[in-house]
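Undergrad: Sharing a model that was predicted from the sequence below.
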Number of protein chains: 2
Amino acid sequence: MRRSIATVCVSGTLDDKLTAAAAAGFDGIELFENDLVVSPWSPAGIRRRCADLGLTIDLYQPFRDFEAVPDELLKANLSRAERKFEVMAELGTDTVLVCSSVSPAAVDDDDLATAHLSLLADRAAAHGMRIAYEALAWGRHVSTWDHSWRIVQQADHPALGLCLDSFHVLSREIPPDGIAGITPGKIFFLQLADAPHLRMDVLQWSRHHRLFPGQGAFDLPRFLGLVLSAGYSGPLSLEVFNDVFRQSDPARTAVDAMRSLTLLEDRLATLPAAPRTSPTPASTAPHASTAAPHASATPPHASATAAAPHASASATAPHASTAAPHASATAPHASASAPHAAPAVQLADRPGVRRLPPAPRLTGHAFTEFAVDGHSGPELRSALRGLGFAHTGQHRTKPVELWEQGACRIVLNSAVTHPGPAAISAFAVTSENPPLSLARAEALSAPAHLNVREPGEAELAAITAPDGTSVLVTHPGDNWRSDFLPTGTPAGPGAGLLTVDHLGLTQPFDHFDEAGLFYHSVLGLEHLPTEEYAAPYGLMRSRAVSDPQRTVRVALTVALLRRGEWAPAVSDPQHVAFATADLIATARALSLPPLPVPANYYADLAARFGLTDDFVATLREHGILFDRDPSGGELLHLYTPVFGGRVFFEITERRAGYDRFGEPNAPVRMAAQRHRRLTTTP
Amino acid sequence: MRRSIATVCVSGTLDDKLTAAAAAGFDGIELFENDLVVSPWSPAGIRRRCADLGLTIDLYQPFRDFEAVPDELLKANLSRAERKFEVMAELGTDTVLVCSSVSPAAVDDDDLATAHLSLLADRAAAHGMRIAYEALAWGRHVSTWDHSWRIVQQADHPALGLCLDSFHVLSREIPPDGIAGITPGKIFFLQLADAPHLRMDVLQWSRHHRLFPGQGAFDLPRFLGLVLSAGYSGPLSLEVFNDVFRQSDPARTAVDAMRSLTLLEDRLATLPAAPRTSPTPASTAPHASTAAPHASATPPHASATAAAPHASASATAPHASTAAPHASATAPHASASAPHAAPAVQLADRPGVRRLPPAPRLTGHAFTEFAVDGHSGPELRSALRGLGFAHTGQHRTKPVELWEQGACRIVLNSAVTHPGPAAISAFAVTSENPPLSLARAEALSAPAHLNVREPGEAELAAITAPDGTSVLVTHPGDNWRSDFLPTGTPAGPGAGLLTVDHLGLTQPFDHFDEAGLFYHSVLGLEHLPTEEYAAPYGLMRSRAVSDPQRTVRVALTVALLRRGEWAPAVSDPQHVAFATADLIATARALSLPPLPVPANYYADLAARFGLTDDFVATLREHGILFDRDPSGGELLHLYTPVFGGRVFFEITERRAGYDRFGEPNAPVRMAAQRHRRLTTTP
């Protein structure tokens, strides 16, 4: 399957966009008209540049407000189209996207729309071109895929087919199931976009909040399965309008985009087997009539198509015959539908569907490494000691220390070249099959690189996460610990910290959704629900990723708007949360004073949760925060102040299956950390 | 009228917020519970701090999900309320905002809601406190002001009244007119917020996109007039949830907020006189029954209230009698309603309504000053020469030059202390009454300061705009030109530039809405419609302000999201657009080559507008861009490249009343300026 990306997905001028698409490995592009209009290159020059980069121009888009208009306007629109066909010829592209009209001049008349689109298809065919008609979700009269399909069926013109855009289809209530029943060869183009569920005007939702597949809430694997079941064999093309992607580094965005398509293609294999419907009724009743040229499709007919649930690939076999009448037509693409005449196959076995190496099961955190310098190193050492950690090992060749407590392992790396705030420079997770994990990462455009190392030291391959953190994948039996000489101090029970509960990593503004998809696809972690909350310096969004067993959790946070001049002193804080079985006992055992929590918080806590005075007094005594989820799970947790200018620690006790991260308490923590900084800084 | 601001309006910790509110001149605050919860100060400490700053705590908010719940939950909610009353007592505040429940546990039963709220009011009264009940626009069962008013009427409890929030009222379809008929004394609190018209989920709209009065689309003067007609005499309090204000400098936001209230209060005087309805029916039919304690208000009764259009202040007089039964009640605020028993007055004459000095008519641009240094100065001089300007004057004492053409005057000021890109450091407009303009600015928290000057030089008082630009207001007869010694070169017709068409000023991200309100309120300019467009580096928003005669226009632009690392080389570009009567003739007369426009643009232009080939060829020859508005007005305009690292010029010819700014062409200009920069930079 070929992969394509609309130029509108990424930022910059056309040259920036083409370079980024090619570098990320795309085969083709959709050329968005505005990118052409503002380009100093001629269409022929753009064609050459694309060819040099190994890119085809798969679609020219969009052509707006064409059909079902008064004669005078139709004439002007046809003349406008002729100009575009000339440009397309120079570009060397043969398919143009025509979106359903939003013009007040358009009338609600399917016969007229059909007649006009047929006329346009005649003109296109004369140029060896074709029209891909798309129902915009906010089209004036045509706003659903099944309506656009009725019109295309009615026109029955070899140079007129559908463009299906997952956003326009899945943002509406009309079920997509019937797509599998579309006549093979009549889906001319497929555009893929994901989106979060938002309750807002669909046009605004579409223009600002689309995401790459796997970043939002739409079921794109199933949607793609339906489209492929209808015999579609054109490119998988991304068309994502997103305010952030429009203004961030196009090279990064294109890689993110490619990763999303790789994952989506792999997901096809995990689709539940489609129920095989009997071919008999399908080959007789609804679609047989579509072979008759310009047969008028009535709405009840179309509804029957749309109502067929989970139509499988095999159910499309009977339609192969409908492609036949056009095989000898003048449209250049009629032959493209020929392969679909072959009997349908299971999607996963479909030739050309690429599979990813599966994501091996993760079993936990091996270690977390902090980069420290002469200022932050002593602060972190003192904090670790206060938390009950022991300095158990010293690296054989580098200024790197290993600190341990229970199964919690912290590495302090002083071999930093640029002094600055402390940072989580790397974290290592254990995998049942690290080589397979790395192979999967490589297939997802996240190749591993070997850390600089000395002879005899453990090989640790690192993948770079979108925020620059190195992610290492190790086997529980790996010998990385042999790089450290024992100091003789044993790792004791300390204060009762058992394991890493989660890492908290503030993400760079431009790369939040990229980071979510990175961990989701590369490590196979699942997205937990997004949370938003008001912090003292603005709104925050948090979205964690985790394995199903909750052995590896990473909470990703970002400011809802990029921070400006008025901003907290600590930028992009990071933290490690450790799990304990009894936080009150742990708190008693700490020699580090926890972050002071305001008395007002406890007064409110008592009122909110109806806790006993004794319990609240105990929480207050130890600076412990509290949260409860709707199913009764409870979180007790405490924080430390910020160390080394950027990092802090948390200790959590999860009760009764609490599965969140205490987000309502994050603003309390932020205000308290700021207060402490202001009151302790000389 | 006292002015108050909710702490949630501004960014930072509670101390930041209180300091900002006091500095901007507010009399009081609404304390948002979360700001208290995260504060290290005790409630008594907050009370002291507010007193020190001269602020009262006018409202504690919010108390959620109280009413119409099962008995068990009611008991818990009352206990929760008791805790809050204790906190309020320490804070020294006596009114709490209770918003209509959104809890799934709440039932749709007005009698139950009434009974529960009465119970809560009893408890409040025992503490000397009162309950302001507010219908959230997304309340589960109570979501409109008239519904909340029915419940408050039915309860008829002296310690239970309404909180009216302009957002919750004006975001719904229920007309606000009936508010004027609310029993005097029963509106306990008034919250003011503006908002743009957005088609989205009302909760998200409310939580993210509110604005200060005058920045959005709501008719707040009329709303406030209705509330005052009902005898409300509490504070005018702002409650604005806005993503940008939440993360920008609170001192700036508070001044912006105060300016919005000052303008709003002044606008009361411009309200059309309310039709005086006959007092007879009002005093007999609908409201007479409300004097009976706990009379049950039926929906038809309430609708009758809501349906009374434009009820005037005088129409509330008959209700004075309904306040009487409670005058001797235990509620501490019952006496507060006593003044409203006095006959209603016209709003504008109402004691305490402050008026602004009126905004004098503006008559044009006097001059535009650029700050230049040794690098940018020569570039700008050369550009001005190329545009047909003559260097006509030299400042008597400073390195400042005057350049002229027609009525266009540019001042180049080389007396800059910090070298950097060229910038529009000041612009001067002519006013029919400059002292009055300055008095108005002062009253709107934008005091003028005198420029540093030598003896004998013209006094030019400057107001600082939110982006730091100095705005000078002069009289057409002012002698500022006498500060310049004539060079002997006369200002000729040059290339035919006549006047300044508009200034284009990119605004700092945090201060876009502040800038709109600044020009709107201080100079009395009106907002033109907001436009959004996709530029090569991200989405842009543009909103111009202008006087009615279009003699002074300023186009304010901002990136929809704050720019990040991947951004254009020119940050915050600025420009001056000059008007000509014949752009083609002007283009022929220029000795400066205009910004080259791509051939693709003209191919598209011909297709879009059906222009003749000859006309398009002429436009293309001179690098002229074209736009047409829906009413047939046309714009011809051309741009120059960027000079001095940041500024450029535009020349416009407006035909047939074109009233926009050629926004669709802005991305073409941006891409062309970037292309030129890349191809001409060594």
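TA: Great, that's in hand.
Undergrad: Now A:Phe77: closest residue in space that isn't a chain neighbour?
TA: To be clear, residue A:77 is Asn; Phe isn't right here. Leaving aside its sequence neighbours, A:Asn77 sits nearest to A:Phe66 (Cβ to Cβ, 6 or more residues apart in numbering or on different chains; 5.1 Å). Every residue, glycine included, has its C-beta placed from N, CA and C.
Undergrad: Does the one you found touch A:Leu117 like I think?
TA: Yes - between A:Phe66 and A:Leu117 there is a contact under Cβ atoms under 8 Å: 7.5 Å.
Undergrad: So for those two, which residues contact both of them?
TA: A:Val98 (Cβ atoms under 8 Å, 6 or more residues apart in numbering or on different chains).
Undergrad: Show me what from the stretch 501-650 of chain A comes close to chain B.
TA: A:509-510, A:534, A:536-539, A:559-567, A:596, A:598-601, A:603-604, A:606-608, A:610 (Cβ under 8 Å from any Cβ of the partner chain).
Undergrad: at 10 Å instead, please
TA: Selection of the stretch 501-650 of chain A residues close to chain B by Cβ under 10 Å from any Cβ of the partner chain yields A:508-511, A:532-539, A:559-568, A:596-610.
Undergrad: among these, which are in helices?
TA: Secondary structure assignment by DSSP state H places A:Ala599, A:Asn600, A:Tyr601, A:Tyr602, A:Ala603, A:Asp604, A:Leu605, A:Ala606, A:Ala607, A:Arg608, A:Phe609 of those in helices.
Undergrad: There's contact between A:Val597 and A:Leu638 in this structure, I believe.
TA: Yes - counting by Cβ atoms under 10 Å, A:Leu638 is a contact partner of A:Val597 at 8.1 Å.
Undergrad: Which neighbours do those two have in common?
TA: Residues touching both A:Val597 and A:Leu638 (Cβ atoms under 10 Å, 6 or more residues apart in numbering or on different chains): A:Leu619, A:His622, A:Gly623, A:Ile624, A:Leu625, A:Arg669.
Undergrad: Skip the chain neighbours and tell me the closest residue to the residue of the stretch 451-600 of chain A found nearest chain B.
TA: Closest residue of the stretch 451-600 of chain A to chain B, Cβ to the nearest Cβ: A:Gly538 (3.1 Å). In this structure, A:Gly538 finds its nearest non-sequential neighbour in B:Gln247, 3.1 Å apart by Cβ to Cβ, 6+ apart.
Undergrad: before we move on, what about A:Ala569?
TA: Distance criterion Cβ to Cβ, 6+ apart; nearest residue to A:Ala569, sequence neighbours excluded, is A:Arg677 at 6.4 Å.
Undergrad: Give me the three-state assignment for the one you found.
TA: helix (DSSP: H, G, I helix; E, B strand; the rest coil).
Undergrad: what sits against it?
TA: Applying Cβ under 10 Å, 6+ apart to A:Arg677 gives the contacts A:Pro568, A:Ala569, A:Val570, A:Pro641, A:Val642, A:Gly645.
Undergrad: Show the contacting residues for the third one.
TA: A:Val570 makes contacts with A:Pro421, A:Thr506, A:Val642, A:Gly645, A:Arg646, A:Val647, A:Phe648, A:Met670, A:Gln673, A:Arg674, A:Arg677, as judged by Cβ under 10 Å, 6+ apart.
Undergrad: Identify the residues contacting the residue in the stretch 201-350 of chain A that chain B sits nearest to.
TA: Of all residues in the stretch 201-350 of chain A, A:Gln247 sits closest to chain B, at 3.1 Å by Cβ to the nearest Cβ. Contacts here follow Cβ under 10 Å, 6+ apart; on that basis A:Gln247 touches A:11-12, A:253, A:509-510, A:562, B:535-539, B:559-568.
Undergrad: So which of those residues sit within strands?
TA: Counting by DSSP state E, the members of the contacts of A:Gln247 that fall within strands are B:Ala535, B:Gly538, B:Leu539, B:Ala559.
Undergrad: just these now: which is nearest chain A?
TA: Among these, and counting by Cβ to the nearest Cβ, the member closest to chain A is B:Gly538, at 3.1 Å.
Undergrad: is it true that the closest one touches A:Asp249?
TA: No - the criterion here is Cβ under 10 Å, and B:Gly538 misses it with A:Asp249 at 12.0 Å.
Undergrad: how much space is there between the closest residue to A:Ala366 other than its chain neighbours and A:Phe648?
TA: Closest residue in space to A:Ala366, ignoring its immediate chain neighbours: A:Ala428 at 3.8 Å, by Cβ to Cβ, 6+ apart. Distance of A:Ala428 to A:Phe648, computed by Cβ to Cβ, to the nearest Å: 21 Å.
Undergrad: next one: A:His157
TA: Counting by Cβ to Cβ - A:His157 and A:Phe648 are separated by 65 Å.
Undergrad: again with A:Ala606
TA: On the measure of Cβ to Cβ, A:Ala606 and A:Phe648 end up 26 Å apart.
Undergrad: Show me which residues of the stretch 51-200 of chain A are close to chain B?
TA: Within the stretch 51-200 of chain A, the positions adjacent to chain B are A:63, A:75-77, A:79-84, A:86-87, A:90, A:198-200 by Cβ under 10 Å from any Cβ.
Undergrad: And the buried ones among those residues, selectable in PyMOL?
TA: Listed next is the PyMOL selection for buried residues among these, using 16 or more other Cβ atoms under 10 Å in any protein chain shown:
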select buried, chain A and resi 63+77+80+81+84+87+198+200
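Undergrad: So which of the residues of the stretch 51-200 of chain A next to chain B are in helices?
TA: Those of those mapping onto helices are A:Lys75, A:Ala76, A:Asn77, A:Ser79, A:Arg80, A:Ala81, A:Glu82, A:Arg83, A:Lys84, A:Glu86, A:Val87, A:Glu90, per DSSP H.
Undergrad: most surrounded residue in the contacts of A:Arg677?
TA: With neighbours taken as other Cβ atoms under 10 Å in any protein chain shown, the top of these is A:Val642, carrying 24 neighbours.
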